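Asker: structure for the following, please:
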Amino acid sequence: MPDHIYKVLEIVGSSTVSSDDAIRNAIEKASKTIRHMNWFQVVEQRGHIADGTVAHFQVVLKIGFRLED
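Answerer: The predicted structure is shown next:
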């Protein structure tokens with residue numbers, strides 16, 4: 001079995017529902033153009049406040065994907 005080489009991409013997902021939903025949105029969108037995604041790491045969480053309530057959840061992710069041979 002050959003050794004694999006990975007590239008790390010940083011993206012930001014957002015959602016009006018939850019931080020988990022923001023993660024899912026980001027990964028689902030990235031999966032449409034990036035193949036061989038293997039893992040993700042949440043590196044930052046933040047949000048947008050409007051009128052005293054949470055309007056958006058924002059999550060910065062690092063996504064690791066395997067480079068093709």
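
Asker: any idea how far residue 5 is from residue 51?
Answerer: 47 Å (C-beta to C-beta, to the nearest Å). No exception for glycine: its C-beta is placed from N, CA and C like everyone else's.

Asker: oh, I was asking about residue 19
Answerer: Taking C-beta to C-beta as the measure, residue 19 falls 30 Å from residue 5.

Asker: comparing these two, which shows the higher neighbour count?
Answerer: The residue with more neighbours, out of residue 19 and residue 5, is residue 19; 18 against 9, by other C-beta atoms under 10 Å.

Asker: which residues of the chain fall in strands?
Answerer: Ranges of strands in the chain, per DSSP state E, are 6-15, 37-50, 53-66.

Asker: and the first one, what's buried?
Answerer: If you call a residue buried by 16 or more other C-beta atoms under 10 Å, then strand 6-15 has these buried ones: 13, 14, 15.

Asker: closest one of those residues to residue 38?
Answerer: Nearest to residue 38 out of those is residue 13 (C-beta to C-beta; 17.5 Å).

Asker: isn't the closest one right up against residue 25?
Answerer: Yes. Taking contacts as C-beta atoms under 8 Å, residue 13 lies within contact range of residue 25: 4.7 Å.

Asker: contact partners of stretch 20-37?
Answerer: 9, 11-15, 40, 42, 57-59, 61, 63-68 (C-beta atoms under 8 Å, 6 or more residues apart in numbering).

Asker: please repeat the previous calculation with a cut-off of 10 Å.
Answerer: Stretch 20-37 is contacted from outside by 4, 6-7, 9, 11-18, 40, 42, 45, 47, 56-61, 63-68, using C-beta atoms under 10 Å, 6 or more residues apart in numbering.

Asker: filter the residues you listed to the buried ones?
Answerer: 13, 14, 15, 40, 57, 58, 59, 60, 61, 63, 65.

Asker: measure the first one to residue 30 for me?
Answerer: Distance from residue 13 to residue 30, counting by C-beta to C-beta: 9 Å.

Asker: need the overlap of contacts for the two.
Answerer: Common neighbours of residue 13 and residue 30 (C-beta under 10 Å, 6+ apart) are 40, 61.
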